[in-house]
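K.L.:
Here is a sequence with its predicted model. Questions after.
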Amino acid sequence: MKNKMLLAKVPTDLLYQALETEKGGVQVYATALRCAINQDLRDEWNKYLEQTKNHVQILSEILTTLELDPDAETPGRKVVRYIGTSLVKAMEMALRSADPQSAQIVAAECVVFAETKDHLNWELLGELAKNADEAEAALILPAYQQVEEEEDEHLYHTQGWTRELWIEALGMPAVLPPPEEERDVTTAEDAAKAKKARTKKAAAR
């Protein structure tokens, strides 16, 4: 009965979209790794792939606790899956038709697209948990606290990689690995500082 009461309050479509985003993220990272030629980037994405697999498990357990089927379809979930599949197809197209450097940039851009939605999902779940009653918070807040910093890293670090890979491709001094990784950036404020500091670092190379 308690779970059924929670079910009436928790926005289940957001949970299903979050789960589908993570499941799609597993496929996005697996494909992105086929495009990655920079070893530091490969190491980073391998770590993110394993973390994303764990996020799938975490969200599946939340849905199961709510007595919901983790495999159930929702309209929002179908849209999220379509977007994820499109990102995978874009990388596969780049692998077939582009040079390795360009395919790597496409992969980085696709990871940023996927992680932008993923980051938003967890931000919304965090807001939900912070404003929820005790029963709802006990269900969602521990998952949010476990995943939040990892999602910040996924997004901000890959944004840095994408910028520097593009700068390198344009024939300008690039900072690789990007300062976001070297500074272990996990907030938007720190990401902005890292981006500003990279100009000095690039000039010194």
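P.N.:
On my side now, so go ahead.
K.L.:
wait, what's in contact with the closest residue to Pro75 other than its chain neighbours?
P.N.:
The spatial neighbour of Pro75 that comes closest, neighbours along the chain excluded (Cβ to Cβ, 6 or more residues apart in numbering), is Asp13 at 8.0 Å. Any C-beta I mention is one placed from the backbone N, CA and C, and that applies to glycine too. Residues counted as contacts of Asp13 (Cβ atoms under 8 Å, 6 or more residues apart in numbering) are Thr74, Pro75, Gly76, Arg77.
K.L.:
farthest-separated two in those?
P.N.:
Across the contacts of Asp13, the two members that end up farthest from each other (Cβ to Cβ) are Pro75 and Arg77, 7.3 Å apart.
K.L.:
Comparing these two, which shows the higher neighbour count?
P.N.:
It is Arg77, of Pro75 and Arg77, that has more neighbours when counted by other Cβ atoms under 10 Å, with 20 against 10.
K.L.:
Residue ranges in the protein under the pLDDT threshold?
P.N.:
Within the chain, the stretches falling below the threshold (pLDDT under 70) are 1-10, 199-205.
K.L.:
Pull out the buried residues from the helix or strand hosting the residue nearest to Pro75.
P.N.:
Secondary structure here is read from DSSP states H and E; on that basis Asp13 sits in helix 12-35. Of the residues in helix 12-35, those buried by neighbour count under the rule 16 or more other Cβ atoms under 10 Å are 12, 14-29, 31-33, 35.
K.L.:
next one: it to chain centre, how far?
P.N.:
Counting by Cα atoms, centre = their mean, to the nearest Å, helix 12-35 is centred 8 Å from the centre of its parent chain.
K.L.:
Now the element after it, going C-ward?
P.N.:
Past helix 12-35, further along toward the C-terminus, the next helix or strand under DSSP H and E is helix 39-65.
K.L.:
Show me what whichever helix or strand comes after that next one is packed up against.
P.N.:
Reading on from helix 39-65 to the C-terminus, the next helix or strand found by DSSP H and E is helix 75-97. With contacts defined as 3 or more Cβ pairs under 8 Å, 6 or more residues apart in numbering; DSSP states H and E, the packing partners of helix 75-97 are helix 12-35, helix 100-130.
K.L.:
how far off helix 75-97 does the shortest one point, in degrees?
P.N.:
The reference is to helix 12-35. For helix 12-35 against helix 75-97, the angle between stretch directions is 10 degrees (axes from the mean of the first three to the mean of the last three Cα atoms, to 10 degrees).
K.L.:
Keeping just the C-alphas, turn helix 12-35 into PDB.
P.N.:
The C-alpha trace of helix 12-35 is given here as PDB (Å, rounded to 0.1, in the frame of the first residue of the first chain):
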ATOM      1  CA  THR A  12       6.800   8.200 -13.200                       C
ATOM      2  CA  ASP A  13       7.300   9.500 -16.700                       C
ATOM      3  CA  LEU A  14      10.400  11.300 -15.600                       C
ATOM      4  CA  LEU A  15      11.700   8.100 -14.000                       C
ATOM      5  CA  TYR A  16      11.000   6.200 -17.200                       C
ATOM      6  CA  GLN A  17      12.700   8.900 -19.300                       C
ATOM      7  CA  ALA A  18      15.700   8.900 -16.900                       C
ATOM      8  CA  LEU A  19      16.000   5.100 -17.200                       C
ATOM      9  CA  GLU A  20      15.800   5.200 -21.000                       C
ATOM     10  CA  THR A  21      18.300   8.000 -21.100                       C
ATOM     11  CA  GLU A  22      20.800   5.900 -19.100                       C
ATOM     12  CA  LYS A  23      20.100   2.800 -21.200                       C
ATOM     13  CA  GLY A  24      20.600   4.800 -24.400                       C
ATOM     14  CA  GLY A  25      23.800   6.200 -22.800                       C
ATOM     15  CA  VAL A  26      25.200   2.700 -22.500                       C
ATOM     16  CA  GLN A  27      24.800   2.400 -26.300                       C
ATOM     17  CA  VAL A  28      26.100   5.900 -26.900                       C
ATOM     18  CA  TYR A  29      29.300   5.300 -24.900                       C
ATOM     19  CA  ALA A  30      29.900   1.900 -26.500                       C
ATOM     20  CA  THR A  31      29.700   3.400 -29.900                       C
ATOM     21  CA  ALA A  32      31.700   6.500 -28.900                       C
ATOM     22  CA  LEU A  33      34.500   4.300 -27.800                       C
ATOM     23  CA  ARG A  34      34.700   2.800 -31.300                       C
ATOM     24  CA  CYS A  35      35.300   6.400 -32.500                       C
END
